[in-house]
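>>> sequence and predicted model, in that order:
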Amino acid sequence: MKKILAFGASNNSQSINKKLAEYVANQLTEVETTILDLQNFELPVYSVDAEKESGVPKPAVQFSQFIKESDAIIISLAEYNGLYTAAFKNLWDWMSRLGSPQVWQKKPMFLLGTSPSRREDSYVMKVSKDLFPMFGATIVASFHLPSFHHFFKENQITESQQQELFAIELQKFQHYLNQH
């Protein structure tokens, strides 16, 4: 049984991205899922000085260990002003100091994103599709759900076109998991 790590890249207690990541993880079959909450991985802001003084903080080491122990990763990216949340970027910065630039450890990934906006695309998704592979991700599938509060109700995607697009990407990811 494949071990799936899923999280929303936000430390917001009401994160719609965490809800979407959890929803997607629950759609997969024959997997064991671990859902992480970035609120449980509080870190000081990365700086060379902080690293020299104290080393890499335990929460970053623990998060990296969760990645290592997984067979695949589901990340739903929150977009703040077009880029990553400070909490996610800071976690990534700390994990990159663990001796390898391969933060994502060559794991297959389902890259997600959603926001309250009706905008069909996501800047952070565009950036991530280029950047994540340079840090060890194998992006197998990706999906952005616009207007979360309009298109996601009662723990499901309610808009038919979005549901169809999502189903295609979910099938790609499930197929990859079944084949590898």
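Nice, thanks for sending it over. Numbers count the residues shown, from 1 in each chain.

>>> okay, the most centrally placed residue in the chain: pLDDT?
Centrality entry for the chain: nearest residue to the mean C-alpha point is Ile75, 1.4 Å, by C-alpha atoms, centre = their mean. Listed pLDDT for Ile75 reads 98.

>>> now it, which residues is it bridged with?
Beta-bridge partners for Ile75, by DSSP bridges, are Phe7, Leu111.

>>> same question, Glu32
Beta-bridge partners, per DSSP bridges, of Glu32: Lys3.

>>> same question, the one 4 residues further on
As for beta bridges, Leu36 partners with Phe7 under DSSP bridges.

>>> and the pLDDT for it?
Here the pLDDT value assigned to Leu36 is 98.

>>> how about Phe152?
For Phe152, the predicted pLDDT is 95.

>>> okay, now it: neighbour count?
Neighbourhood size, Phe152 [other C-beta atoms under 10 Å]: 19. The C-beta positions use only the backbone N, C-alpha and C, and glycine is treated the same way.

>>> hang on, isn't it packed against Glu22?
No. Phe152 lies out of contact with Glu22 (C-beta atoms under 8 Å); the separation is 11.6 Å.

>>> now for the longest helix anywhere in the chain, which elements pack on it?
Longest helix of the chain, by residue count under DSSP state H: helix 160-179. The helices and strands touching helix 160-179, judged by 3 or more C-beta pairs under 8 Å, 6 or more residues apart in numbering; DSSP states H and E, are strand 72-77, strand 107-114, strand 137-145.

>>> who touches it?
2, 4, 24, 27-31, 71-72, 108, 110, 140-143, 145-146, 151, 157 (C-beta atoms under 8 Å, 6 or more residues apart in numbering).

>>> that one versus strand 137-145: what angle between them?
Counting by axes from the mean of the first three to the mean of the last three C-alpha atoms, to 10 degrees, helix 160-179 lies at 160 degrees to strand 137-145.

>>> in what helix or strand does the residue in the chain sticking out farthest from the centre lie?
Residue farthest from the centre of the chain, counting by C-alpha atoms, centre = their mean, is Glu53 at 29.6 Å. Element membership for Glu53 (DSSP states H and E) is helix 48-54.

>>> and the helices and strands packed on helix 160-179 as CSV, adding distance to Leu177?
Output for the helices and strands packed on helix 160-179, formatted as CSV (distance: least, C-beta to C-beta, whole Å):
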stretch, distance to Leu177
strand 72-77, 6
strand 107-114, 7
strand 137-145, 8
